[in-house]
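Student: got a sequence here, can you build the structure:
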Amino acid sequence: MFGFTPHSAGKSMKNYVVYYSSMMATVYDNETGEPVKATLADILSRIQHFASLFVALSTMFSISLPFDFAPFATRLDAHSIDHGLMDIIHPAHLMNNFIAALLVSVSLSFSTLGASLLFNFSTGIMTRKVVHNPMFASKTPGEFWGRRWNNLVHSVLKTGIYKPTRRIIASPNVAVVATFLASGLIHEYVWAILFYVHEHQKDPATGVCSTCFEPKYGKNLFFFSWNGVVIALESVVGGWWLFQWMKHNLPGPVVTALVVMTALPFGHLFTGDWIAGGYFTHFQLGFPIVVKLR
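Tutor: Numbers count the residues shown, from 1 in each chain. You can find the predicted model right below:
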């Protein structure tokens with residue numbers, strides 16, 4: 001909207017309605033500008049991928065559930081805001097953050113692929129894949145956040161925040177930081193809805209829900225702002241000889257690990273509430289879980 005609707009989506013009223021009414025991003029033909037039809041091969045491939053994600057999540061939940069999704073012992077809980085420097089670089093903290101981020105990534109991929117399949121079946125229109133293996137295939141922070149982590153939110157923020165900001169301010173780095181600030185604020189809003197405490201949940205005498213999780217706000221804003229600064233720095237120093245040498249000479253998994261490490265120390269600010277708030281505990285109810293008999 002406001003001059004930033006993709007060309008294909010604005011080509012006709014039908015395309016416009018499809019684009020803005022679909023939960024998933026529609027794929028358009030580059031030549032005709034019309035929505036691409038989802039073929040039987042496309043749908044079968046997606047069903048296969050959906051099944052593999054189901055198995056992966058079932059396995060991950062079976063392994064991590066007995067440890068409350070944080071297998072490694074740390075001094076502080078992940079949702080705490082009291083972490084010091086030594087806490088955020090401790091190997092146990094980093095491993096727990098990696099596991100939590102992987103659970104978020106795979107569950108997001110599973111959920112959005114399921115929604116895409118429903119749209120593909122009901123409309124016959126192809127949609128874009130939302131998650132592209134960010135935890136094991138990213139080569140730069142920009143690639144991690146811009147093309148792999150969550151392309152659905154990325155496209156919304158690019159159209160709604162980045163491009164309008166670039167129109168006002170020429171600096172791409174300012175636009176990037178503004179976009180991540182907006183992402184942080186959006187996540188703070190989502191948290192307010194996700195962990196909303198209803199009146200009937202509160203004790204009439206105290207006005208407090210003793211069994212409800214109430215997050216501390218501001219953590220998402222800091223986390224996404226941090227990553228916005230990282231990407232802005234990438235545009236400044238990414239071309240330096242050292243980083244180019246690392247990109248082209250280090251093994252791919254090592255490069256990806258270094259990229260993930262730019263966010264991992266602060267990852268608990270984003271994923272800690274998912275664990276403490278019971279998101280994964282409720283999500284895993286739909287999966288077969290292997291448990292140890294006592």
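
Student: neighbours of residue 290, how many?
Tutor: Residue 290 has 10 neighbours, counted by other CB atoms under 10 Å. Every residue, glycine included, has its C-beta placed from N, CA and C.

Student: sec struct for it, please.
Tutor: At residue 290 the chain is in coil, as set by DSSP: H, G, I helix; E, B strand; the rest coil.

Student: thought it was touching residue 65?
Tutor: No: using CB atoms under 8 Å, residue 290 makes no contact with residue 65, being 9.5 Å away.

Student: for residue 140, what are its contacts?
Tutor: For residue 140, the contacting residues are 234, 238, 247, 259, by CB atoms under 8 Å, 6 or more residues apart in numbering.

Student: PyMOL command to pick out the buried ones of those?
Tutor: Burial among those is assessed by 16 or more other CB atoms under 10 Å; the matching PyMOL selection reads:
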select buried, resi 234+259
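
Student: ok, the contacts of residue 140 vs residue 152, which is closest?
Tutor: Nearest to residue 152 among these is residue 259, at 20.9 Å by CB to CB.

Student: re earlier: out of the contacts of residue 140, list just those in helices.
Tutor: 234, 247, 259 (DSSP state H).

Student: switch the residues you listed over to CSV; also include distance to residue 70 and pLDDT.
Tutor: Shown next, in CSV, are these (distance: CB to CB, whole Å; pLDDT from 0 to 100):
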residue, distance to residue 70, pLDDT
234, 30, 93
247, 32, 86
259, 23, 95
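
Student: in JSON lines: these, plus distance to residue 118.
Tutor: Formatted as JSON lines, these follow (distance: CB to CB, whole Å):
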{"residue": "234", "distance to residue 118": "36"}
{"residue": "247", "distance to residue 118": "39"}
{"residue": "259", "distance to residue 118": "33"}
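
Student: which single one of these is nearest to residue 57?
Tutor: For the ones in helices among the contacts of residue 140, the nearest to residue 57 is residue 259 (23.5 Å; CB to CB).

Student: so who does the closest one touch?
Tutor: 138-141, 143-144.

Student: go with 6 Å
Tutor: Contacts for residue 259 (CB atoms under 6 Å, 6 or more residues apart in numbering) come out as 138, 141, 144.

Student: looking at the residues you listed, which is nearest residue 157?
Tutor: For these, the nearest to residue 157 is residue 144 (14.6 Å; CB to CB).

Student: excluding covalently adjacent residues, which one is nearest to that closest one?
Tutor: residue 138 (3.8 Å; CB to CB, 6 or more residues apart in numbering).

Student: that's a helix at residue 253, yeah?
Tutor: Yes: assessed with three-state DSSP, residue 253 lies in a helix.
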